[in-house]
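Asker: what would the 3D arrangement of this be:
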Amino acid sequence: MLPREEKWHNGKTNRISKNMDTKIKEKKIWFFDDDSYNTPSTHQSQFIRFFQIVPDWPGSVSEKYHNTTLAQEDNKEESYYPKSGVKVKHLEKIIKRINKIRALVFDWDKTLTLFEGVRVGRPSDGVTNLENSVKMLKKWKYIPESWSSSKLARYILHDSTNESRFNKLSETLKLAQSKKIPIFILTNNTMGTDQKNLFVDIFKELGVHLPITHILRGGSRGPKRKGITILEDIIPLIEKWEQQQNYVKETFDEEGKISEITFGGRRRKTRRKTRRKTRRKTRRKTRRKTRRKTRRKRGGDVDNNKLRDLKVQATIASALNNSNDDSFENDAIEFLQSLQSNKVIDQEEGLDETELKLIGLSGGKNRKTRRKKKRRKKRKKTKHKR
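Answerer: Numbering: from 1, shown residues only. Predicted coordinates for the structure are as follows:
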């Protein structure tokens, strides 16, 4: 173990949580690099599974690009390594062991690409993303006018020995993203500092979202060696990533929603649906509560038919008390008895409409008016006598 690694091992191991140690036994970070200098130490290999890419010798780019100035210049400089890079066999292994992977970390030159220093343009020329790179290469006539951003991305990631490499890479990284496995770029190239958006745009062409915070520099020319960078910088980012994914999963599982959420607009839609449902539930609850309260105030549910019968009986009773006509009184008593016995009364035996109207006028609130009328009549009689 090197003295620098001993310092890290003695002083900074406590940063890694105890919970993470149990996870590491089950899952590891898969790290792909062409440089044996970046092989993890024995301590680092507890957390990292290292795949060294054998670079072999330089060769020629795919024949379909030979007519472009860009390919001719790359062939002259011998910057393309056909047998290097992450091959389809590596991608198939990732797919097969996807549940054993905690994170994927790729070097850039001769690993994710088969180039040693791909030609995209310098930041001083204004090249900070893939679109600007296409404009600059067209301006200097390195690529035809018909080339788009996706065409340049395919050139950067192409494998002259296997044309299916770009599609297989897209399929593998999409699967990792669906399994909530974070993807990182850890490169010695200065692009990892000044041109991070280029990586983001190239991954977009693969159909994968790469956060800009997941692009780091490390290695012989970087701030520190790659093994230490993974332990000190990438593992804390993985822990944050896992916390976020677990939080989203738990909240959506509680609400009975889908636990696996892809990037894009689906998450927003599910949130809107849950809000609408919660609003509906609260409205229903409030309506039920108000109904119960009103029932309690009224003294429970009362039969309206019974109330009507009682009112009619009350009006008849008041009419009987104040009635002077014997025939009217007898008819009213018969009507009252028929109501209590629920018998149907013929029109002749019962009261007609005019008599019922008189009963309605004579009951309840109309007693005061009748007393006033009687008083007036008495006053008139006394006046006549005088």
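
Asker: so where's the stretch 251-386 of the chain shaky on pLDDT?
Answerer: Along the stretch 251-386 of the chain, the model assigns pLDDT under 70 to residues 251-269, 295-311, 313-370, 381, 383-386.

Asker: recalculate using a threshold of 50.
Answerer: 258-266, 301, 342-350, 361-365 (pLDDT under 50).

Asker: neighbours around His209, how many?
Answerer: The local packing of His209 (other Cβ atoms under 10 Å) involves 16 other residues. For every residue, glycine as well, the C-beta is placed using N, CA and C.

Asker: so Pro236 sits in a helix?
Answerer: Yes: inclusion of Pro236 in a helix is indicated when DSSP: H, G, I helix; E, B strand; the rest coil is applied.

Asker: put the alpha carbons of whatever helix or strand Arg154 lives in into CSV.
Answerer: Take DSSP states H and E as the rule and Arg154 turns out to sit in helix 149-157. The C-alpha trace of helix 149-157 is given here as CSV (Å, rounded to 0.1, in the frame of the first residue of the first chain):
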residue,chain,number,x,y,z
SER,A,149,-25.6,16.1,-33.3
SER,A,150,-26.8,12.5,-33.2
LYS,A,151,-24.5,11.7,-36.2
LEU,A,152,-21.4,13.1,-34.4
ALA,A,153,-22.4,11.3,-31.2
ARG,A,154,-22.5,8.0,-33.2
TYR,A,155,-19.1,8.7,-34.7
ILE,A,156,-17.6,9.4,-31.2
LEU,A,157,-19.0,6.2,-29.7
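
Asker: any idea of the mean pLDDT for that helix?
Answerer: Mean pLDDT, helix 149-157: 97.

Asker: what comes up buried for that helix?
Answerer: Within helix 149-157, the residues scored as buried using 16 or more other Cβ atoms under 10 Å are Ser149, Leu152, Ala153, Arg154, Tyr155, Ile156, Leu157.

Asker: so what's the fourth one up against?
Answerer: Which is Arg154. Phe166, Glu205 (Cβ atoms under 8 Å, 6 or more residues apart in numbering).

Asker: ok, it to Ala71 distance?
Answerer: 13 Å (Cβ to Cβ, to the nearest Å).

Asker: what does the helix or strand following the helix holding Arg154 rub up against?
Answerer: Downstream of helix 149-157, the next assigned helix or strand under DSSP H and E is helix 165-178. Contacts to helix 165-178, defined as Cβ under 8 Å, 6+ apart, come from residues 86-88, 91-92, 94-95, 98, 101, 104, 154, 157-159, 183, 203, 206-209, 260, 262-263.

Asker: same check on stretch 110-121?
Answerer: With contacts defined as Cβ under 8 Å, 6+ apart, stretch 110-121 is touched by 32-34, 53, 55, 58, 70, 73-74, 79-82, 84-86, 106, 109, 127, 130, 132-133, 136-137, 142, 156-160, 185, 189, 191, 195, 198.

Asker: Ile238: neighbouring residues, count only.
Answerer: When neighbours are counted by other Cβ under 10 Å, Ile238 registers 21.

Asker: that one against Ile183, yeah?
Answerer: No: taking Cβ atoms under 8 Å as the definition, Ile238 is not a contact partner of Ile183, at 10.8 Å.

Asker: before we move on, the earlier item: closest to Ile230 out of the buried residues of helix 149-157?
Answerer: Of all the buried residues of helix 149-157, Ile230 sits closest to Leu157, with 23.1 Å by Cβ to Cβ.

Asker: now that closest one, nearest residue through space, not along the chain?
Answerer: Phe166 (5.4 Å; Cβ to Cβ, 6 or more residues apart in numbering).

Asker: helix or strand for Phe31, just tell me which one.
Answerer: Per DSSP H and E: strand 28-33 holds Phe31.

Asker: what helix or strand is Lys378 on?
Answerer: Here Lys378 is assigned to helix 367-385, by DSSP H and E.

Asker: then Glu73?
Answerer: Secondary structure assignment for Glu73, by DSSP H and E: helix 69-76.

Asker: just after that helix, pick out the following helix or strand.
Answerer: helix 88-96.

Asker: hmm, who's touching the helix or strand following that following helix?
Answerer: Counting by DSSP H and E, the next helix or strand C-terminal to helix 88-96 is strand 101-106. With contacts defined as Cβ under 8 Å, 6+ apart, strand 101-106 is touched by 23-24, 27-32, 86, 94, 112, 173, 176, 181-186, 230, 234, 238.

Asker: strand 101-106 pairs with which strands?
Answerer: Applying DSSP bridges, strand 101-106 is found paired with strand 28-33 (parallel), strand 183-187 (parallel).

Asker: excluding chain neighbours, what is closest to Tyr80?
Answerer: Spatial nearest neighbour of Tyr80, excluding adjacent residues (Cβ to Cβ, 6+ apart): Val61 at 5.0 Å.

Asker: that older thread, rebuild the buried residues of helix 149-157 as TSV, extending it with distance to Pro123.
Answerer: TSV is the format used below for these (distance: Cβ to Cβ, whole Å):
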residue	distance to Pro123
Ser149	18
Leu152	17
Ala153	19
Arg154	23
Tyr155	20
Ile156	17
Leu157	21
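
Asker: let me know the closest of the residues you listed to Pro40.
Answerer: Relative to Pro40, the closest of those is Leu157; by Cβ to Cβ it sits at 25.8 Å.

Asker: my guess is that closest one meets Ile202, correct?
Answerer: Yes: using Cβ under 8 Å, Leu157 is in contact with Ile202, at 7.1 Å.
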